[in-house]
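Asks: Can you look at this prediction? I've put the sequence above it.
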Amino acid sequence: MSVKKVLLSFILGLLLLSIIGCGHNVGFSLINLKINDIEKADVSSPKNQWTESLTDDEVLSLVKLLNNVNKNEIKEYNGPTIKGGPTSIIIFLKLNKTLNLTLNGDGYIYGENNKAYQVHQPEFRDFVDQLHSQSSITETTKYVDVYDVIKEAFLTDKGFSDDLSKHMMKEVFDKTNIYKAYPVNSPEYTKPFKVDFTLRELSQEKKEDQVQVNMIYSVAITDSTAKTVGGSQNVHVTFTVKMNDKGWAITGKEEQA
């Protein structure tokens, strides 16, 4: 066989492998998802006017679930369009990317490589049903989305920023920020600190131009030597939000004793 024929066969073989290999990329964004890739994840049901952020433990369970998906259970989806405000989990990834998983039958639909795919995974529906059953906001209306602002107020080590001042009074920030609530500047602790934090929204109640946002949070702070700086577990807190034509601002905070 001539050198030209050998080279031609080799090139054709590489092309064939690349074509076959393209199909193997289906499910890549699920199977290779890592917990460190995720900023946060929300579960949302427009039909029930319900949106809630997953806890760190729930996000970890979700990642394990997606990593275990069977590629043979992923099929290209060409319709019909899902109606009725289906429940979705929205995963907010770093670099301003998102991964949407929309409940459909015994699994979910997601997008990858500019195509839609149906994944048959009954365990995913069970996971979403469990989130739904544990939520106390299922049948209530959500009037204002304050989660990101409140979480930033808790965790920022940069002080009261201009962005926070647009939606929160400084008095509320001072009562919320963990770096003001715990003795992080004490000489007995060494930086950097490790912060484990979870925040869950429970319900919202509206009366005239004010909304009471009921939440629950847990926080644990340790220093670089693993010494405990402080923390709280399952604290119920209510934020008062004042609304007007120009937007909203958090004007009060009360914690249950």
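Replies: Right, received. Where do you want to start?
Asks: May I have the residues that are in contact with the most centrally placed residue in the chain?
Replies: Among the residues of the chain, the one closest to the centroid is residue 41, at 1.4 Å (CA atoms, centre = their mean). By CB atoms under 8 Å, 6 or more residues apart in numbering, residue 41 lies in contact with 53-54, 58-59, 62, 89-92. For every residue, glycine as well, the C-beta is placed using N, CA and C.
Asks: so it is in which element?
Replies: strand 38-45 (DSSP states H and E).
Asks: Show me which positions of that strand end up buried.
Replies: 38, 40-41, 43-45 (16 or more other CB atoms under 10 Å).
Asks: Direction included, what does it pair against?
Replies: If you go by DSSP bridges, strand 38-45 pairs up with strand 50-53 (antiparallel), strand 88-93 (antiparallel).
Asks: Tell me how far residue 124 lies from residue 61.
Replies: 11 Å (CB to CB, to the nearest Å).
Asks: Verify the stated contact: residue 33 with residue 67.
Replies: Yes. Counting by CB atoms under 8 Å, residue 33 does reach residue 67; the two are 6.5 Å apart.
Asks: These two - which one has more neighbours?
Replies: Shown here are residue 33 and residue 67; by other CB atoms under 10 Å, residue 33 has more neighbours (20 against 13).
Asks: Look at residue 33 and give its secondary structure.
Replies: Here residue 33 is coil, with the state taken from DSSP: H, G, I helix; E, B strand; the rest coil.
Asks: Run through the residues that contact it.
Replies: For residue 33, the contact set (CB under 8 Å, 6+ apart) comprises 63, 66-67, 91, 99.
Asks: try residue 116
Replies: For residue 116, the contact set (CB under 8 Å, 6+ apart) comprises 76-78, 109-110.
Asks: Mind doing that once more with 7 Å?
Replies: 77, 109 (CB atoms under 7 Å, 6 or more residues apart in numbering).
Asks: can you check residue 98 too?
Replies: Going by CB under 7 Å, 6+ apart, residue 98 touches 90-92.
Asks: List only buried entries from those residues.
Replies: 90-91.
Asks: Show me the domain layout of the chain.
Replies: Annotated domains of the chain cover 26-134, 147-255 [automatic domain parsing].
Asks: Just the mean pLDDT for the first one, thanks.
Replies: For domain 26-134, the per-residue pLDDT values average out at 83.
Asks: one step back: pick out whichever of the buried residues of strand 38-45 sits closest to residue 117.
Replies: residue 41 (19.0 Å; CB to CB).
Asks: in stretch 69-82, what's buried?
Replies: Quick answer for stretch 69-82 (16+ other CB under 10 Å): 69, 74, 77.
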